[in-house]
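J.: got a predicted structure plus its sequence, pasted below:
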Amino acid sequence: MSRILTVGAAQLGPIQRADGRARVVARMVELIRQAKSHGCDVVAFPELALTTFFPRWFMEDQAEIDSFFERAMPGPETRALFEAASEARIGFQLGFAERTEQGGRIRRFNTAILVDRDGRIAGRYRKIHLPGHAEHEPWRAFQHLEKRYFEVGDLGWGVWRTMGANMGMAICNDRRWPETYRVMGLQDVEMVFIGYNTPRHNPPAPDHDRLSEFHNQLVMQAGAYQNATWIVGIAKCGVEEGCEMIGNSSIIAPTGQVVAQALTQDDELVVARCDLDVGLSYKRSTFNFARHREPQAYRLIVERKGAEPPQET
Ligand code: CDV
């Protein structure tokens with residue numbers, strides 16, 4: 001008997017700075033309503049889904065920076081999202097800026113959570129690959145200050161058994177790194193949610209701009225196939241505060257094939273019926289990790305950070 005999970009990738013169009021959380025949450029609740037009418041079991045929202053993508057600005061006033069962070073989840077403005085989803089008996093994945101106090105220290109992370117059909121937080125991931133820079137770089141058309149505003153995630157890539165599947169999460173830049181998927185693959189992951197905010201323009205390498213969508217597909221399709229898992233990529237996209245971000249939210253099968261993809265750069269629900277057992281034949285043959293992996297040959301991956309060329313012989 002097949003195990004079907006109907007999934008909605010809830011792509012969001014642009015969120016301008018003046019848009020309050022209540023307005024954004026209302027858009028998300030509408031996508032949950034659509035998801036209900038399509039019979040979705042789970043809906044996934046993008047990275048930093050509740051506000052505009054604020055790392056594009058250099059800010060020094062901590063109160064201003066903190067206005068983009070959530071101190072509680074659910075909080076006063078996000079409670080409506082939890083209520084709408086649990087009323088519809090739909091689980092969800094949500095990306096947001098997390099401000100938390102640990103051991104008397106304030107910490108800030110770029111975070112995603114998995115919420116089950118009862119509105120309980122079942123899993124939490126804090127972004128590990130933070131792109132961009134930590135200092136103001138005025139030569140850029142816009143900043144990408146994730147290294148300034150967030151700490152590197154401290155939770156690793158977990159996989160949780162919830163909603164009938166082994167589920168994991170990664171966030172945006174993580175999708176470009178094969179290690180991200182493999183750590184979850186080694187926990188028998190069956191579905192990975194990856195929210196993103198990807199500006200088309202890459203200031204340090206503008207020659208990459210025209211390949212943005214291609215690279216987006218390339219990494220997620222490879223991650224799906226090489227780990228025999230479903231991948232759900234969810235964009236926040238369109239022109240946000242003058243900065244264009246790519247769409248192409250996709251639901252990708254363990255075969256590496258894209259089964260559904262967004263057409264717009266706006267709020268759009270992308271739906272697919274995902275058979276969680278589609279990956280089994282890959283996990284039992286080509287990607288039978290226990291049989292074919294050779295970890296003793298991979299030591300350099302964890303022992304060395306940057307590439308070093310060989311000595312000349
Ligand atoms: N939010 C991101 O992590 N964005 C990066 C950009 C800066 C390249 C990404 O990998 O899409």
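T.: That came through fine.

J.: where in the chain is pLDDT low?
T.: 1 (pLDDT under 70).

J.: spell out which residues of it are next to the ligand.
T.: Glu47, Pro131, Gly132, His144, Cys172, Asn173, Arg176, Tyr196, Asn197, Thr198, Asn202 (C-beta under 6 Å from any ligand atom). In short, each C-beta sits where N, CA and C put it, glycine included.

J.: can you add secondary structure and neighbour count and give these back as TSV?
T.: Listed next are those as TSV, based on DSSP: H, G, I helix; E, B strand; the rest coil; neighbours: other C-beta atoms under 10 Å:
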residue	secondary structure	neighbour count
Glu47	coil	27
Pro131	coil	15
Gly132	coil	19
His144	coil	21
Cys172	helix	27
Asn173	helix	22
Arg176	helix	17
Tyr196	strand	26
Asn197	coil	28
Thr198	coil	25
Asn202	coil	17
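
J.: and which of those is nearest Gly119?
T.: When the residues of the chain next to the ligand are ranked by distance to Gly119 (C-beta to C-beta), Glu47 comes first, at 21.5 Å.

J.: list the contacts for the closest one?
T.: Gly95, Asn110, Ala112, Lys127, Ile171, Cys172, Gly195, Tyr196, Asn197, Lys236 (C-beta atoms under 8 Å, 6 or more residues apart in numbering).

J.: show me where the stretch 151-300 of the chain has helices.
T.: Taking DSSP state H, counting those that start in this stretch as the test, the helices found in the stretch 151-300 of the chain are 178-185, 212-227, 280-284, 289-292, 299-303.

J.: measure the closest residue to Phe68 other than its chain neighbours to Ala26 for me?
T.: Spatial nearest neighbour of Phe68, excluding adjacent residues (C-beta to C-beta, 6 or more residues apart in numbering): Phe54 at 4.5 Å. As judged by C-beta to C-beta, to the nearest Å, Phe54 and Ala26 stand 20 Å apart.

J.: which one of these two has more residues nearby?
T.: Phe54 (20 against 13; other C-beta atoms under 10 Å).

J.: what about the closest residue to Gly185 other than its chain neighbours, neighbour count?
T.: Excluding its sequence neighbours, the residue lying closest to Gly185 (C-beta to C-beta, 6+ apart) is Asn227, at 3.4 Å. Counted by other C-beta under 10 Å, the residues lying close to Asn227 total 28.

J.: ok, now which ones touch Asn227?
T.: Tyr181, Arg182, Met184, Gly185, Val189, Pro254, Phe287.

J.: all strands of this protein, in order?
T.: 4-11, 42-44, 91-102, 105-115, 121-126, 159-162, 165-171, 191-196, 230-235, 238-240, 243-245, 250-252, 258-261, 268-275 (DSSP state E).

J.: I'd like the ones you listed laid out as CSV, including distance to Ala222.
T.: Converted to CSV, the strands of the chain look like this (distance: least, C-beta to C-beta, whole Å):
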stretch, distance to Ala222
strand 4-11, 18
strand 42-44, 20
strand 91-102, 21
strand 105-115, 21
strand 121-126, 20
strand 159-162, 19
strand 165-171, 13
strand 191-196, 13
strand 230-235, 10
strand 238-240, 26
strand 243-245, 22
strand 250-252, 10
strand 258-261, 12
strand 268-275, 18
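
J.: of all the ones you listed, which one is nearest Arg293?
T.: strand 159-162 (17.2 Å).

J.: neighbouring strands for that closest one, and are they parallel or not?
T.: Strand 159-162 sits in its sheet next to strand 165-171 (antiparallel), going by DSSP bridges.

J.: need the contact partners of the partner strand.
T.: 3, 5, 47, 93, 95, 110, 112, 114, 122-123, 125, 127, 157-161, 180-181, 184, 187-196, 229, 276.

J.: at 6 Å instead, please
T.: Residues from elsewhere that reach strand 165-171 (C-beta atoms under 6 Å, 6 or more residues apart in numbering): 5, 47, 110, 112, 114, 125, 127, 159-160, 180, 184, 188-194, 276.

J.: how deep is the closest residue to Gly168 other than its chain neighbours tucked in, by neighbour count?
T.: Residue nearest to Gly168 in three dimensions, not counting chain neighbours: Met184, with 4.0 Å by C-beta to C-beta, 6+ apart. Look at Met184: counted by other C-beta under 10 Å, it has 26 neighbours.
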